[in-house]
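> Structural data only, the sequence is not supplied:
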């Protein structure tokens, strides 16, 4: 069964540094998402991406965050200048949206980001 | 805004016990409803879904019925196994919001032999 893959599984970064989290969605999927889960808290939506542009973003997704689909297969999340509170598990998801009904999202195993 | 409320965990059961994890939602429109499961050290896996009222989603012995009148989507299993130990997340998505998922806080299930 095809799956969403995320790299790295664990990223340790100094505060203030830039970090790029990478995701390879399922190949025929059209909609891409990033979520995060701070330890012990609920999974929170960050951003959705379709047709090479952001379709929706949350309040968390401020100017320090950006997403890109550079080559038609990878989907990246960049944090420009990391803060301690960015420490979390980041999940990538993708879905093949049907026209008349909601297709489920498939998640990667996540990247644990630790900011020191 | 839309939200999902789940029962607090952890839920601790003996093997073969009956499981119910309550989930209620608040939505402005007509959402689709999902249960996702997260096993230790892994990502989120779709367990089951329902897209309209009175639909019953089922998978691996788990079931949940979309109840519009009570805005609920409770997860049930007749006989749990040790391998069902995981965190279970109820979630909704709506068509007018890029289908983003809004999750509940998760319920940890621990099944003892």
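Cool, the structure landed. Quick caveat: nothing in here was measured; it's all calculated off a predicted structure.
> Show me what the nearest residue to residue B:59 once chain neighbours are set aside bridges to in the sheet.
Taking CB to CB, 6 or more residues apart in numbering or on different chains, and ignoring the residues beside it in sequence, residue B:59 has residue B:48 as its nearest neighbour in space, at 4.5 Å. C-beta here means a position set from N, CA and C on the backbone, and glycine is covered the same way. With DSSP bridges as the criterion, residue B:48 is bridged to residue B:35.
> Tell me how many other residues surround residue B:48.
21 (other CB atoms under 10 Å in any protein chain shown).
> Double-check it against residue B:57; I have them as touching.
Yes - counting by CB atoms under 8 Å, residue B:48 does reach residue B:57; the two are 3.4 Å apart.
> Any chance you could list residues touching both of these two?
B:35, B:63, B:64 (CB atoms under 8 Å, 6 or more residues apart in numbering or on different chains).
> Quick check: neighbours of the strand or helix carrying the second one in the sheet, parallel or antiparallel?
For residue B:63, the host element (DSSP states H and E) is strand B:62-65. Looking at strand B:62-65 with DSSP bridges, its paired strands and their directions are strand B:56-59 (antiparallel), strand B:75-77 (antiparallel).
> These into CSV, with extra columns for mean neighbour count and mean pLDDT?
Shown next, in CSV, are these (neighbours: other CB atoms under 10 Å in any protein chain shown; pLDDT from 0 to 100):
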stretch, mean neighbour count, mean pLDDT
strand B:56-59, 15, 96
strand B:75-77, 20, 98
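> Dump those strands to TSV, plus distance to residue A:65.
Converted to TSV, the strands paired with strand B:62-65 look like this (distance: least, CB to CB, whole Å):
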stretch	distance to residue A:65
strand B:56-59	33
strand B:75-77	33
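> all strands of chain B, in order?
Shown for chain B, the strands assigned by DSSP state E span residues B:3-6, B:11-14, B:19-21, B:23-26, B:32-38, B:44-50, B:56-59, B:62-65, B:75-77, B:86-93, B:101-103, B:107-112.
> and chain B, which residues reach chain A?
Taking CB under 8 Å from any CB of the partner chain as the criterion, chain B approaches chain A at residues B:32, B:34, B:36, B:42-46, B:49, B:51, B:89, B:93, B:95, B:97-106.
> what is residue A:89 paired to in the beta sheet?
residue A:37, residue A:112.
> Pull the contacting residues for it.
Counted by CB under 8 Å, 6+ apart, residue A:89 has contacts A:36, A:37, A:38, A:39, A:110, A:111, A:112, A:113.
> Then residue A:22?
Taking CB under 8 Å, 6+ apart as the test, what residue A:22 contacts is A:6, A:7, A:8, A:74, A:75, A:76.
> and what of residue A:116?
A:12, A:13, A:14, A:15.
> Tell me where the model's unsure across chain A.
The model of chain A has pLDDT under 70 over residues A:98-102.
> Which helix or strand contains the most centrally placed residue in chain A?
Nearest to the geometric centre of chain A sits residue A:34, at 2.8 Å (CA atoms, centre = their mean). For residue A:34, the host element (DSSP H and E) is strand A:31-37.
> Check which residues of stretch B:24-36 are buried.
B:24, B:25, B:27, B:31, B:32, B:33, B:34, B:35, B:36 (16 or more other CB atoms under 10 Å in any protein chain shown).
> can you tell me which of these lies nearest to chain A?
Among the buried residues of stretch B:24-36, residue B:32 lies closest to chain A (CB to the nearest CB), at 4.0 Å.
> okay but the closest one is in contact with residue B:46, surely?
No - the criterion here is CB under 8 Å, and residue B:32 misses it with residue B:46 at 11.5 Å.
> Residue numbers of chain A in contact with chain B?
A:4, A:6, A:31, A:33, A:35, A:41-45, A:48, A:50, A:55-56, A:91, A:93, A:95, A:97, A:101-110.
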